[in-house]
Every structure is written in C-alpha cells, then in structure tokens.
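A.B. asks: attaching a predicted model along with its sequence, questions to come.
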Amino acid sequence: MVHKITLNATSYHGAGAIQEIMTEIKQHGFKKAFVCTDHDLVKFKVATKVTDLLDAAKFPYEVYTDIKANPTVENVQSGVAAFKASQADFILAIGGGSSMDTAKAIAIIITNPEFADVRSLEGLSPTKNPCAPIIAVPTTAGTAAEVTINYVITDVQKARKFVCVDPHDMPIVAVVDPEMMASMPRNLAVATGMDAMTHAIEGYTTKAAWEMTDMFHLEAIRLLSNNFRKAADGDMEAKAGMALGQYIAGMGFSNVGLGIAHSMAHTLSAHYDTPHGIACALFLPIAMEFNSEYTGERLREVARALGVEGVDEMTQAEYRQAAINAVKKLEADLGVPTTLDKIKEEDLEQLATDALNDACYPGNPRSATKEQVIAMFRKLMVK
C-alpha cells in the first residue's frame, strides 16, 4: 500500500516564533496582507501582537473579522469579496480553527473561482490550483488547522457542517507560538485541548493509520496528557507542550482522517452551535467504547500514552477499558460536561443521518447503523 504525507513547507515553534513572520513575508516577496482573524482577538489585543509587527515594518494590510465561532458560508462569501477588494496577495490567518478554516476557504476560492459556492468543495475537493498563500498563526492549542488539509464550514440554512479535504488549502507557513495562546480563557483551553486529544486518539485508531502517523499520534497523546491539566490552569510551560502536541496530532490525522466522534461532533455543533471541542469531548469516550473491539491492541498504546501504568499485565478487555477510563478521568478533572440538554428526541434521526453523511465517518474502524448512532446521541441526553 502507498501512503502519502502532506505537511507545511515551513513551520516555526516556540515562544517568540511570531518574530519570524516578517522574515517569511520578505522572503516570499509579498506586498500586502489580508489579516483574517476574529473580532475578539482584535478587541483583546491578541491579533495586534502580529499586526504590530506589520506596523513596525510599515507593511500594508487590511483586517477581516466577519467570522463566527462556527464559520458560515456567508462568512466565506463576504471574505472572498473583501480579499478581492483589498488587492492583497496573501492571507495572514490569526486565531483558532474558525479563523484558519475561513482563511482556507477564502484562499481556495480566490485561485479556483469556479468553486465560488464553498458548498461545492465538500468532501474531497477537486480543485486544480494551490490556494492563495497563507501564513497561519494559531491562538488556541487544539484544531491544528495550520498544518491540516481540512476545513469545516457551517451551512446555516441546512443546519449542517461540511468538511472540505484538499491538499491545495494547506498554509505555506505555520507559526506556532505559545505566547499567542497565553490569554486563552480556561473554558477555551479545555475545549480546544479536547479537540486535539480527539484528533490524536481518533487518528491513531482510524482505518488508514500507519507507522508514520502512529508515531505522531502517540507522541501527541503523551504531550497532551502530560500538559493538559496544568495548561488549563495557566502554566505557560504546559501551554507550550499543548501547542506542540496539537500540531503533531494535526500532522497525523490530516493525512489519515478521523472517525465517528468527529462526525457526530460536527453534527452537534451544526444543530445546536455547541463549541466544537466540547462536542468532541462529549463523544470521545462514547466512540472509544463503540469502537473498542475493532481496534486490536491500539487502545493499549493509547492507555500507555495517557499515563496508565501496568498496561502490559492487563488483558485486552482491561486495557481497552483503562484507556476509556483515562479519558473520562481527564475530562472530569477538566470539568467537561457529560450531557447536553439541548438534544431533543425528535432531532435524533436527523442528527444520526447527518453524522453518517459526514466526511469523517468513513475512517471509523467500525461501521455503524443509524440506530447505533441514535443510541450514542441519546447517551448525551439529560435523563
């Protein structure tokens, strides 16, 4: 079997990494930046850490902030128009997955105008041209959108999220600076961190997993597990560990896909606007339990990476349950909810249908019926 790996051409890591942005801009000969970020990052002077560098260099730019937490088709459409009007020649994406996903969609449409309706890019996108250049600067430790070939957009009219998978959308430069994540509130650190943990565990157990991506995912689980609790409480060294862990997880899952936890999470967010990372956290242990008998010995290594001791002396059933329990313990320590009161019985059939049609579902190691997916959604309902 032939495996393919797609990664950034260049990435920077560590405190102060944003200082390299102007170096990259000059080396690429760019003339004007289209800064794609969200309003709060400007308001709270997080994005300004980067735009201050542009100001100091007297480098021209325009800022686009019409981006929702779950970015919409309309956010992309208005962004494409704003990019064209700006006459910029590259995008500087600053933020979490929402900003970076919006930037990717804009950049793809700019160079592939025949796909002006972003809905036409769902699934394996048939674009011919690389997107407009993107330099991506994450401000959360979770989505790894700066190193993936995926982006997710919400179709508000149809109450669904759709995933676009396209090697042409990858940022040419990723700048992973934990100092850009320093001001994350605890709830955001928890949500985005659980997104990263779900990436790592699902990526390790997906159908397409292989040796190179296994290496990424296991190290990501270890880094995230070792640093998550301290990072959520503001420890900067631990935040640096989370920043690296989420990026490494992205290196893996972007190349092999995810599974049913993500397909259900996308559906939950589309219908109820649940933060994506919390949706992932709600479904991760449920999906692990559903898939456990289809994962061979992999949950033993997940348990080991999560810090469970004595896994080599456990039976297969014991180490599988130990991995699930370790995830539940982490979520309990972080204060992650276990139920969602927004889910209604009359919504369950549509939720299951949408989850089974999501682009992440085919990578799941176990096939699911609609009834089984409904049962998993029902586990989140308040009794």
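C.D. replies: Good, I have the coordinates. From a predicted model like this one, the values you see are computed outputs, not experimental measurements. Numbering: from 1, shown residues only.

A.B. asks: list the contacts of the residue most central in space within the chain.
C.D. replies: The centroid of the chain falls nearest to residue 143 when counting by CA atoms, centre = their mean (2.5 Å). Each residue near residue 143 by CB atoms under 8 Å, 6 or more residues apart in numbering is listed here: 96, 97, 100, 101, 192, 195, 196, 246, 250, 276. The C-beta positions use only the backbone N, C-alpha and C, and glycine is treated the same way.

A.B. asks: distance of it from residue 303?
C.D. replies: Distance of residue 143 to residue 303, given as CB to CB, to the nearest Å: 25 Å.

A.B. asks: gap between the residue of the chain positioned farthest from its centre and residue 379?
C.D. replies: What lies farthest from the middle of the chain is residue 313; by CA atoms, centre = their mean that is 34.6 Å. Spatial separation of residue 313 from residue 379 under the definition CB to CB is 31 Å.

A.B. asks: one more: residue 148?
C.D. replies: Relative to residue 379, residue 148 is positioned 28 Å away (CB to CB).

A.B. asks: what's the answer for residue 130, then?
C.D. replies: Distance check for residue 130 against residue 379: by CB to CB, it reads 42 Å.

A.B. asks: cool, residue 63 as well?
C.D. replies: Residue 63 is 42 Å from residue 379, by CB to CB.

A.B. asks: not counting sequence-adjacent ones, nearest residue to residue 271?
C.D. replies: Closest residue in space to residue 271, ignoring its immediate chain neighbours: residue 159 at 5.4 Å, by CB to CB, 6 or more residues apart in numbering.

A.B. asks: in contact with residue 192, which residues are there?
C.D. replies: Counting by CB under 8 Å, 6+ apart, residue 192 touches 96, 97, 140, 141, 142, 143, 184, 246, 277.

A.B. asks: from the residues you listed, pick the one nearest residue 54.
C.D. replies: Closest approach to residue 54 among the contacts of residue 192 (CB to CB): residue 96, at 20.5 Å.

A.B. asks: where's the closest residue to that closest one other than its chain neighbours, which helix or strand?
C.D. replies: Closest residue to residue 96 apart from its sequence neighbours, by CB to CB, 6+ apart: residue 140 at 3.9 Å. If you go by DSSP states H and E, residue 140 is not part of any helix or strand.

A.B. asks: residues touching residue 140, list them.
C.D. replies: 95, 96, 97, 181, 184, 188, 189, 192.

A.B. asks: export those to a markdown table and tack on pLDDT and distance to residue 87?
C.D. replies: As requested, these are arranged in a markdown table below (pLDDT from 0 to 100; distance: CB to CB, whole Å):
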| residue | pLDDT | distance to residue 87 |
| --- | --- | --- |
| 95 | 96 | 23 |
| 96 | 94 | 27 |
| 97 | 93 | 27 |
| 181 | 95 | 32 |
| 184 | 91 | 33 |
| 188 | 94 | 34 |
| 189 | 96 | 37 |
| 192 | 97 | 33 |
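
A.B. asks: what helix or strand is residue 174 on?
C.D. replies: Remark: residue 174 resides in strand 173-176, with elements defined by DSSP H and E.

A.B. asks: what ranges does this protein have for its strands?
C.D. replies: For the chain, the strands defined by DSSP state E occupy 10-13, 33-36, 61-64, 90-95, 123-124, 134-138, 150-155, 160-165, 173-176.

A.B. asks: next, format the ones you listed as JSON lines and append distance to residue 368 and mean neighbour count.
C.D. replies: As requested, the strands of the chain are arranged in JSON lines below (distance: least, CB to CB, whole Å; neighbours: other CB atoms under 10 Å):
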{"stretch": "strand 10-13", "distance to residue 368": "35", "mean neighbour count": "16"}
{"stretch": "strand 33-36", "distance to residue 368": "36", "mean neighbour count": "26"}
{"stretch": "strand 61-64", "distance to residue 368": "39", "mean neighbour count": "18"}
{"stretch": "strand 90-95", "distance to residue 368": "33", "mean neighbour count": "28"}
{"stretch": "strand 123-124", "distance to residue 368": "19", "mean neighbour count": "13"}
{"stretch": "strand 134-138", "distance to residue 368": "32", "mean neighbour count": "27"}
{"stretch": "strand 150-155", "distance to residue 368": "21", "mean neighbour count": "24"}
{"stretch": "strand 160-165", "distance to residue 368": "17", "mean neighbour count": "22"}
{"stretch": "strand 173-176", "distance to residue 368": "34", "mean neighbour count": "26"}
